[in-house]
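Student: Give me a 3D structure for the following:
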Amino acid sequence: MFSYGAAAVQSLKGLNSHLNYLRRTQLWFQILVGMVLGVVTGLLLAPERGYVDAATSQTIGNWLALPGELFLTLIQMVVIGLVFSSIIIGINASEDKDAIKRIGMKVVPFFIITTTIACVIGITVAMTIKPGDYIAPELVSRMMAGATVTSDIPAATPPGLADIPEKIVSVIPKNVISAAVNQEMLQVVVFAIFAGAALMAIPRARAQPLLDVFAGLQEVSLKIVAWAMTLAPYAVFGLLARITLQVGLDAIISMSVYVGAVLLGLVILLMVYLILIMTLAGRNPLTFLGQIRDVMLLAFSTSSSAAVMPLSVKVVEEKLHVRKAISRFVVPLGATINMAGTALYQVTAAVFLTQVFDVDLTMGALAILTVTTIGASIGSPASPGVGIVILATLLTGIGVPPAGIALIIGVDRILDMSRTAVNVTGDLVACAVVERWSPREGTASVPAAQTNRSPESA
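Tutor: Next up is the predicted model:
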């Protein structure tokens with residue numbers, strides 16, 4: 001009788017795992033179908049096809065993108081609460097203060113080093129391929145003359161040496177509510193880290209009521225995200241259809257070498273991540289890609305690291321088997337400061353524009369560009385289109401007119417989607433690496449011998 005019951009339990013567990021696998025695979029398949037249908041629909045309804053005029057095409061695109069806008073708005077509605085509660089819960093998931101310090105000391109250098117590698121890859125690819133040499137001068141004049149979007153992009157000057165202390169102080173929010181309202185994610189993360197550390201420092205009995213509140217906030221946020229995820233396939237379809245309608249094939253073809261250079265750099269960076277996942281995390285790269293494909297596809301479709309953060313946490317914990325103490329600290333932090341793909345895109349675009357406008361780049365200028373890009377990418381909002389705004393702040397420092405962004409704005413959204421997928425992949429790689437580097441004895445609240453015998457560790 002006992003063996004029959006045990007077999008029944010194992011059978012139910014196996015059935016549950018199989019059903020969960022089918023559900024996740026179905027989401028992946030639905031997103032992929034939405035991507036394909038969205039691109040095809042956008043190409044068919046583009047004004048240059050002649051089926052509809054430009055005004056009608058824009059109207060259709062806006063209606064098609066309605067599910068996508070609703071999806072992104074729902075995510076943005078809860079992202080502050082989710083990030084804040086996730087970091088606090090992640091820090092307090094372990095009673096070992098030293099373990100949290102060790103996680104932070106490992107993941108932050110990882111993000112900085114990989115972002116530096118990304119900048120080097122971007123500069124190398126751009127200097128080798130020289131995509132700016134393939135742009136005809138008349139195309140530059142025509143696209144610059146017809147651009148109006150640049151008027152909304154600030155031409156800020158990168159901070160100098162004297163401004164660095166002020167920038168360091170500015171990451172600490174003077175007003176937490178103001179930081180949340182203005183979506184200042186880095187300030188929210190910093191405050192969450194302080195709050196989480198403070199709750200860990202006081203007696204657990206007095207901290208527990210607040211931790212229960214944050215746990216409830218996290219559950220509510222995740223429930224709203226689960227509702228939003230039902231819109232994901234339709235959101236992907238609508239967003240991609242509108243993007244294709246707006247960009248068109250002509251702009252893509254005319255900038256194909258530049259687009260190819262950025263995509264090549266991102267592929268190389270992805271290969272670097274796969275090498276790291278194999279050497280530092282001891283995982284099979286192909287298996288890893290299969291485990292995170294849902295996250296990559298959703299990141300590619302939404303162009304928002306924040307939008308996929310809940311799914312990232314779910315995949316990290318359920319498929320990569322990373323502890324909550326790591327996943328719920330590293331993923332929100334990575335969505336805020338890990339922008340390696342964005343940094344690669346920015347340096348590639350900057351070098352491309354220097355080639356277009358015949359601006360000479362010295363080794364010193366390249367070094368300054370790299371350092372500035374790393375600094376600018378840290379703490380940038382995890383939302384669509386932010387890379388083009390950051391790029392505008394970099395161009396002035398290397399002698400390129402900010403109006404040159406008009407040349408690349410048409411294909412930016414396609415590259416934004418690609419670099420977001422790479423950014424999110426970097427977050428997941430960091431989780432796996434930190435999991436491998438962090439002994440379970442350091443984050444478990446039970447003795448190591450008991451942890452090794454527990455079913456979850458088996």
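Student: Give me the residue at the spatial middle of this protein.
Tutor: With distances taken as CA atoms, centre = their mean, Ser305 lies nearest the centre of the chain, 3.1 Å away.
Student: how about that residue, what does it touch?
Tutor: For Ser305, the contact set (CB atoms under 8 Å, 6 or more residues apart in numbering) comprises 299, 334-335, 382, 420, 423-424, 427. To be clear about C-beta, it is placed using only N, CA and C from the backbone, and glycine gets the same treatment.
Student: Same question for Ile75.
Tutor: 225, 228, 304, 306-307, 310.
Student: As TSV, these with distance to Leu391, secondary structure and neighbour count would be great.
Tutor: Formatted as TSV, the contacts of Ile75 follow (distance: CB to CB, whole Å; DSSP: H, G, I helix; E, B strand; the rest coil; neighbours: other CB atoms under 10 Å):
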residue	distance to Leu391	secondary structure	neighbour count
Val225	30	helix	22
Ala228	29	helix	20
Ser304	18	coil	27
Ala306	20	coil	24
Ala307	21	coil	29
Pro310	28	helix	23
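Student: Nearest to Lys319 among those residues?
Tutor: Pro310 (14.2 Å; CB to CB).
Student: Spit out the contact partners of the closest one.
Tutor: The contact partners of Pro310, by CB under 8 Å, 6+ apart, come to 75, 82, 221-222, 225, 229.
Student: Helices - which of these land there?
Tutor: Using DSSP state H to define helices, the subset of the contacts of Pro310 located there is 75, 82, 221-222, 225, 229.
Student: what's the distance between the residue nearest to the centre of the chain and Val257?
Tutor: 28 Å (CB to CB, to the nearest Å).
Student: Gly265 too?
Tutor: Applying CB to CB to Gly265 and Val257 gives a distance of 13 Å.
Student: Excluding covalently adjacent residues, which one is nearest to Leu333?
Tutor: In space, and not counting its chain neighbours, Leu333 is closest to Val189: 6.2 Å by CB to CB, 6 or more residues apart in numbering.
Student: Ramachandran angles for the one you found?
Tutor: In terms of degrees, to the nearest 10, the main-chain angles of Val189 are phi -60, psi -40.
Student: Surely it is in contact with Thr336?
Tutor: Yes - assessed by CB atoms under 8 Å, Val189 is found in contact with Thr336 at 4.9 Å.
Student: Verify the stated contact: Gly68 with Ala232.
Tutor: No - look at Gly68 against Ala232 with CB under 8 Å: they stay out of range, at 9.2 Å.
Student: so what's Gly42 up against?
Tutor: For Gly42, the contacting residues are 61, 240-245, by CB under 8 Å, 6+ apart.
Student: Now for those residues: which two are most distant?
Tutor: Gly61 and Leu240 (10.5 Å).
Student: what about the two, which has more around it?
Tutor: Between Gly61 and Leu240, counted using other CB atoms under 10 Å, the more crowded position is Leu240 (27 against 21).
Student: how near is that one to Leu428?
Tutor: Distance from Leu240 to Leu428, by CB to CB: 23 Å.
Student: Turn the contacts of Pro310 into JSON lines, columns for distance to Pro47 and pLDDT.
Tutor: As requested, the contacts of Pro310 are exported to JSON lines (distance: CB to CB, whole Å; pLDDT from 0 to 100):
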{"residue": "Ile75", "distance to Pro47": "31", "pLDDT": "72"}
{"residue": "Leu82", "distance to Pro47": "39", "pLDDT": "76"}
{"residue": "Ser221", "distance to Pro47": "40", "pLDDT": "81"}
{"residue": "Leu222", "distance to Pro47": "41", "pLDDT": "75"}
{"residue": "Val225", "distance to Pro47": "36", "pLDDT": "74"}
{"residue": "Met229", "distance to Pro47": "33", "pLDDT": "73"}
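Student: doesn't Gln76 make contact with Ile224?
Tutor: No - assessed by CB under 8 Å, Ile224 is found out of contact with Gln76, at 11.1 Å.
Student: In terms of neighbours, single out the busier of these two.
Tutor: Each of Ile224 and Gln76 has its neighbours counted (other CB under 10 Å); Ile224 has more, 17 against 14.
Student: Got the phi and psi for Ala46?
Tutor: phi -60, psi 140.
Student: In the stretch 251-400 of the chain, where is pLDDT below threshold?
Tutor: Low-confidence segments of the stretch 251-400 of the chain, defined by pLDDT under 70: 251-254, 375-390, 392-394, 396-397.
Student: same thing but at 90, please
Tutor: By pLDDT under 90, the weakly predicted segments of the stretch 251-400 of the chain are 251-259, 282, 293-314, 317, 323-339, 341-343, 345-347, 349-400.
Student: Neighbour count for Gly265 and Val257, which is higher?
Tutor: Counted by other CB under 10 Å, Gly265 and Val257 do not tie: Gly265 has more neighbours, with 28 against 15.
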